[in-house]
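# one predicted model, sequence on top.
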Amino acid sequence: MNTRTAISDLFTREEITELTAKSDLHGSWAVLSTWAVIGGTFATVAGFWEYLPNWGKLLICIVALVILAGRQLALAILTHDASHQSLFKTKWLNDTLTDWLCARPVWNDLHKYRKHHLRHHSKTSTVDDPDLSLVAGFPTSKKSLMRKFMRDLSGVTGFKFALGRVLMDVEKMEWTVSNDRRWIAQEGRQWSDYPKAFIKNSGGAIVTNTALFSALWAAGHPKLYALWVLAYVTPFPLLLRVRSMAEHAGMETSNSALTNTRTTKAGYIARALVAPIHVNYHKEHHLMAAVPYFKLPRMHQMLRERGHVSEPPTYWQVLNELSAKAD
């Protein structure tokens, strides 16, 4: 098993200081631009709706679902970055603002996610990695991968995820973002404890989604909120799956981020859908999680120039590699 990579062997102290410098301006841009795309998507659908034939309405809804799912993933990635205290320089912006503007709208919780995710970083690719179930079973066959994708697009995965989230928020199941299920003993609980727990744990998601629905209602288009829900249960799980596969599936079991984590080349479409906020530079992120998103491309280039990493594969190449197993 490879030993853990010492970051001091890769960068000087001055370079580490420069790479880990955080910025409220860049953090604000990432959050506001994500919501600007969300708002622009709703506005576009509303503005063109009455002028489109039925097939045009169907087409614009499909496009909107894909765009919204990509931005829901962006909100999840912003939550991920905030869990490492790297999104904003100011703690309140990083921990409170991001929780309410990024985590809660996609039914997440920054503080619970941070506790879970930091264990993933300390135990990556080992049997104690809490995210191991997300990438188990790869490589697989193309037929198997297509079945997984169809479950995502049909809403089966999204429904199971939502059901799991309810069970976690009523505190019948331990909180996780992986596929593992660990049940909590229920001895001594009263029936009234379940709705109380749900309100306590899901209250933020309810408030932020009510705010989004109210904004659409005030704009005269409350029905557009259905696109947000449909995006969450259909394309969003597919994008989450591809992102997880690209990061760790099929990689070595080792203590080194240079071998247990994958960086993936992302073009404009990939960045819009499965690799927002430079999350594709995942090897770099695992090497030094304190580096903010806008410094990751520079960090990658420095590692390339020094021969520590090679040219990364594209997402298509990763998917082909992970589905090359014979039936």
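Thanks, I have the structure now. Residues are numbered from 1 along each chain as shown.

# identify the spatial nearest neighbour of residue 112, chain neighbours not counted.
Spatially, and ignoring its direct neighbours in sequence, residue 112 is nearest to residue 175 (5.0 Å; C-beta to C-beta, 6 or more residues apart in numbering). Every C-beta, even on glycine, is put in place using the N, C-alpha and C of the backbone.

# can you pull the phi/psi pair for that neighbour?
Main-chain torsions, residue 175, degrees, to the nearest 10: phi -70, psi 130.

# residues in contact with it?
Counting by C-beta atoms under 8 Å, 6 or more residues apart in numbering, residue 175 makes contact with 109, 112, 116, 168.

# most neighbours out of those residues, which is it?
The residue in those with the most neighbours, by other C-beta atoms under 10 Å, is residue 168 (23 neighbours).

# I figured it hits residue 178, correct?
No. Between residue 168 and residue 178 there is no contact under C-beta atoms under 8 Å: 11.6 Å.

# and the residue of the chain most remote from its centre, which of the three is it?
Relative to the C-alpha centroid of the chain, counting by C-alpha atoms, centre = their mean, residue 188 is the outermost residue, at 35.9 Å. Under the three-state scheme (DSSP: H, G, I helix; E, B strand; the rest coil), residue 188 adopts coil.

# pLDDT score for it?
Per-residue confidence (pLDDT) for residue 188: 93.

# ok, how many other residues are close to residue 159?
Counted with other C-beta under 10 Å, residues neighbouring residue 159 total 13.

# do residue 4 as well
13.

# where in the stretch 1-150 of the chain is pLDDT low?
Per-residue confidence for the stretch 1-150 of the chain (pLDDT under 70) gives these ranges: 1-3.

# just the buried residues of the longest helix seen in the chain, please?
Identified as the longest helix of the chain according to DSSP state H is helix 54-83. Residues of helix 54-83 classed as buried by neighbour count (16 or more other C-beta atoms under 10 Å): 60-61, 64-83.

# now swap in stretch 197-204 and tell me
Buried-residue list, stretch 197-204, by 16+ other C-beta under 10 Å: 197-198, 201-202, 204.

# of these, closest to residue 308?
Set against residue 308, the nearest of the buried residues of stretch 197-204 by C-beta to C-beta is residue 204 (40.4 Å).

# how far does the helix or strand hosting residue 211 sit from the chain's center?
Here residue 211 sits within helix 193-218, counting by DSSP states H and E. Helix 193-218 sits 21 Å away from the centroid of its parent chain (C-alpha atoms, centre = their mean, to the nearest Å).

# tell me which element residue 229 falls in.
helix 225-233.

# that helix to helix 54-83, inter-axis angle?
Interaxial angle, helix 225-233 versus helix 54-83 (axes from the mean of the first three to the mean of the last three C-alpha atoms, to 10 degrees): 60 degrees.

# quick one, what contacts residue 207?
Applying C-beta under 8 Å, 6+ apart, the residues near residue 207 are residue 104.

# ok, it to residue 125 distance?
Per C-beta to C-beta, to the nearest Å, residue 207 is found 37 Å from residue 125.

# and what of residue 233?
Counting by C-beta to C-beta - residue 233 and residue 125 are separated by 30 Å.
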